[in-house]
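Undergrad: 3D model of this:
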Amino acid sequence: MEERIFYITVFLSSLLGVIIAFFITSIIRYHRRYVRMQRERITAEVRLLENERKRIAGDLHDSLGPLLSSVKLKISSVEVPDAEDRKVIQQSAKHIDEIISSMRQISYDLLPIALERKGLIEAVRDFVRHLGREEQLEVSVYTMNDVNPHPEQDIHLYRILQEIIHNTLKHANASRLDIGFRQEANELLLLVQDNGQGFSVEKAREHSRGLGLKSLETRTDILKGSIHIRSAVGEGTRYYIRIPRT
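TA: Numbers count the residues shown, from 1 in each chain. Here you go, the predicted structure:
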């Protein structure tokens, strides 16, 4: 009798173990499927966003730009005898120039032409040059060796660095920012560091400033890479980014 009870107990324990293992496996599979679906959804949304940016940039550059230039040319060619009228025409032409300049900057921000023509490194350097001399931040972009182009990844890396530069300008109170690239056999390494006031990474994730960090992490996750941020108040900030190159 006792032996029968023992076997029944063992059987029930084994059955319970199998049921628990089944549920745990199901939960793990569900979680992995959920994570995969989330990544696919975010990737699709970001790709859609980049395509929309490209379309808008093309419309600004190819349609509105020439149209405004034509309007300016026609306005400037109008001859009027009254001095006040000529002054109005000159002011209007000046305003159109300002609109064209702003529109070109918007078009550039939406789709950096240098990224397609010259590659990631030169596109980042070009973006730094566009910051203007009024920005009290010295940015150094350097490479330790040749970096192979990867158009599908480079647009995301460009946006990541764009976000880091904007965050540095807005929050870091830094005078210098260094951006380094190193190409290895199967991955691209980026080291970005500033000499600013630093911040608490955990607190930044909890509050509104964490939205910028979320964007960095989302883009890095899309690339199946990793990003580690090390910072402390008064000690500047370092970003370590590793992206697999396939």
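Undergrad: what's the following helix or strand after the helix or strand of the chain with the lowest mean pLDDT?
TA: Across the helices and strands of the chain, mean pLDDT, DSSP states H and E gives its lowest value to helix 2-59, namely a mean of 72. Later in the chain than helix 2-59, the nearest helix or strand by DSSP states H and E is helix 65-77.
Undergrad: average pLDDT across the helix or strand just after that next one?
TA: Counting by DSSP H and E, the next helix or strand C-terminal to helix 65-77 is helix 83-110. Averaging pLDDT along helix 83-110 yields 79.
Undergrad: Next: stretch 200-213.
TA: Stretch 200-213 comes out at a mean pLDDT of 70.
Undergrad: same thing with stretch 237-246?
TA: Rounded mean pLDDT across stretch 237-246 is 92.
Undergrad: and the least confident helix or strand of the chain with helix 65-77, angle?
TA: Orientation of helix 2-59 against helix 65-77 (axes from the mean of the first three to the mean of the last three CA atoms, to 10 degrees) gives an angle of 20 degrees.
Undergrad: Report the contact partners of I106.
TA: I106 is in contact with 57, 60, counting by CB atoms under 8 Å, 6 or more residues apart in numbering. For glycine as for every other residue, the C-beta is placed from the backbone atoms N, C-alpha and C.
Undergrad: What are the buried residues along stretch 89-100?
TA: 89, 96, 100 (16 or more other CB atoms under 10 Å).
Undergrad: Pick out whichever of these sits closest to I56.
TA: Ranked by distance to I56 (CB to CB), the buried residues of stretch 89-100 are led by I100 at 16.1 Å.
Undergrad: Touching, the closest one and G65? I think so.
TA: Yes - using CB atoms under 8 Å, I100 is in contact with G65, at 6.5 Å.
Undergrad: Tell me how far H95 lies from F23.
TA: The gap separating H95 from F23 is 68 Å, by CB to CB, to the nearest Å.
Undergrad: I would like the residues contacting stretch 213-229, please.
TA: Under CB under 8 Å, 6+ apart, the answer for stretch 213-229 is 39, 42-43, 46, 153, 156-157, 159-160, 163-164, 187, 201, 204-205, 237-244.
Undergrad: If we use 6 Å, what do you get?
TA: Contacts with stretch 213-229, where a contact means CB atoms under 6 Å, 6 or more residues apart in numbering, come from 43, 153, 156, 159-160, 163, 201, 204-205, 239-244.
Undergrad: Domain-wise, how is the chain divided?
TA: 2-110, 120-244 (automatic domain parsing).
Undergrad: Highest mean neighbour count out of those?
TA: Burial of the domains of the chain is given as mean neighbour count (mean count of other CB atoms under 10 Å); domain 120-244 ranks first at a mean of 16.
Undergrad: Can you give the distance of that one from its chain's centre?
TA: Centre-to-centre, domain 120-244 and its host chain are 9 Å apart (CA atoms, centre = their mean, to the nearest Å).
Undergrad: go on, stretch 103-111?
TA: Offset of stretch 103-111 from its chain centre (CA atoms, centre = their mean): 16 Å.
Undergrad: Nice, that's everything, thank you.
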